[in-house]
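Q: Below is the structure, and that's it, no one-letter string:
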């Protein structure tokens, strides 16, 4: 068998792509595997849907990240609509896992990866990079969010609204009015466990039908929240706004009213803090008369 070459890295991109900071929310839904298989056959024919105790797994993954470039810095937001899948040719190498075991990183083969079905992003440059480097089905959108932050009130509630957008002739984002989906994750009061998930394997299928895999390292554990306990069903609220857009149609068709089984988060540690100021005594207060 001929050894395949590596996918090209077109100009002006450089790999690996380094994140200066990364904040993530992921939510996982166990669903009927039949429609998931059909969707994978359409988008990624060389992948098979992973099953955990007879259920396939759909995942929504919101990201807010900062990157530093030679010309300055940039902030990007995106949301991925993924199916957990593996290369069909490697079926015999997979361990048998429950969802909780998978979510905590027990699959060290890293064959259980995210098969991207739709990716919505607010940065035209990142959209181009995702398409050309990783064969991501990446499209423009914009976001309205409320996130846990050290610079805000205490809490662990995430709210994300993803809206439709276009790309203008000058390669800028053209915000539309139509909402695509809303997700709220109320994780306050829950005890997360560290999850050794990384590297996360992202799968794409290029225009020639070739399957490629792009691992992403994250340099600290994720925090995983088990949502299967009674009383946690209402902690995740997902509203899909169906229309002609594929993301809404596919998300609604696969997830429906299924309860989420787990959520996972990552928040980059701060690298500096500008502290509260304090008053200094005036010259007059320490016994000095003005000249």
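A: Yep, that arrived. Since we're looking at a predicted model, the values are computed, not measured.

Q: how much distance is there from the helix or strand of the chain with the lowest mean pLDDT to the middle of the chain?
A: Of all helical and strand segments in the chain, the minimum by mean pLDDT, DSSP states H and E falls on helix 246-255, at a mean of 75. Averaging C-alpha positions (C-alpha atoms, centre = their mean, to the nearest Å) puts helix 246-255 17 Å from its chain's average.

Q: Show residues contacting stretch 93-101.
A: Residues outside stretch 93-101 that contact it (C-beta atoms under 8 Å, 6 or more residues apart in numbering): 28, 30, 50, 52-53, 55, 57, 86, 106-107, 109, 111-112, 226, 228, 261-262. Heads up, the C-betas are built off the backbone N, CA and C, glycines and all.

Q: Ok, stretch 186-194 next?
A: 104, 155-158, 221-226, 232, 234-237, 263, 265.

Q: So for that stretch, what gets flagged as buried?
A: Residues 186, 187, 192 are the ones in stretch 186-194 that count as buried (16 or more other C-beta atoms under 10 Å).

Q: ok, of these, which one's closest to residue 131?
A: Distance to residue 131 across these (C-beta to C-beta) is lowest for residue 187, with 32.3 Å.

Q: And that closest one, its phi and psi?
A: Residue 187 adopts backbone torsions of phi -100, psi 10, taken as degrees, to the nearest 10.

Q: again, but for residue 124
A: Torsion angles at residue 124 (phi, psi; degrees, to the nearest 10) stand at phi -60, psi -40.

Q: Okay, it and residue 181: tell me how far apart.
A: Distance, residue 124 to residue 181, by C-beta to C-beta, to the nearest Å: 21 Å.

Q: Next: residue 220.
A: Counting by C-beta to C-beta, the gap from residue 220 to residue 181 is 28 Å.

Q: neighbour-wise, which of these two wins?
A: Taking other C-beta atoms under 10 Å, residue 220 and residue 181 do not tie; residue 181 has more neighbours (24 against 12).

Q: can you give me how far the host helix or strand of the more buried one is from the chain middle?
A: Secondary structure assignment for residue 181, by DSSP states H and E: strand 173-186. Centroid displacement of strand 173-186 relative to its chain, using C-alpha atoms, centre = their mean, is 15 Å.

Q: among the contacts of stretch 93-101, which ones are buried?
A: Using 16+ other C-beta under 10 Å, the buried members of the contacts of stretch 93-101 are 28, 30, 50, 52, 55, 57, 86, 107, 111-112, 226, 261-262.

Q: Using the three-state scheme, assign the residue nearest to the spatial centre of the chain.
A: Centroid check for the chain by C-alpha atoms, centre = their mean gives residue 61 as the closest residue, at 3.0 Å. Following DSSP: H, G, I helix; E, B strand; the rest coil, residue 61 is assigned to strand.

Q: That one and residue 79 touch, don't they?
A: Yes: in this structure, residue 61 is within contact of residue 79 by C-beta atoms under 8 Å, at 6.7 Å.

Q: longest strand anywhere in the protein?
A: Using DSSP state E, we find that the single longest strand of the chain is strand 72-87.

Q: Quick one: buried ones out of the contacts of stretch 186-194?
A: 104, 156, 158, 221-226, 232, 235-236, 263, 265.

Q: Keep only those of the residues you listed that are in strands.
A: Those of these lying in strands (DSSP E): 158, 222, 223, 224, 225, 226, 236, 263, 265.

Q: hmm, back to that, pull up the pairing partners for the strand holding residue 181, direction included.
A: strand 157-167 (antiparallel), strand 236-240 (antiparallel) (DSSP bridges).

Q: Just the buried positions in it, please.
A: For strand 173-186, burial by neighbour count (16+ other C-beta under 10 Å) applies to 173, 179, 180, 181, 182, 183, 184, 185, 186.

Q: pLDDT below threshold where in this structure?
A: Residues of the chain meeting the criterion pLDDT under 70: 1-3, 243-248, 285-291.

Q: can you map out the helices along it?
A: 33-43, 99-103, 124-134, 246-255 (DSSP state H).

Q: ok so, going back, got the contact list for the residue nearest to the centre of the chain?
A: 24, 25, 26, 79, 80, 82, 114.
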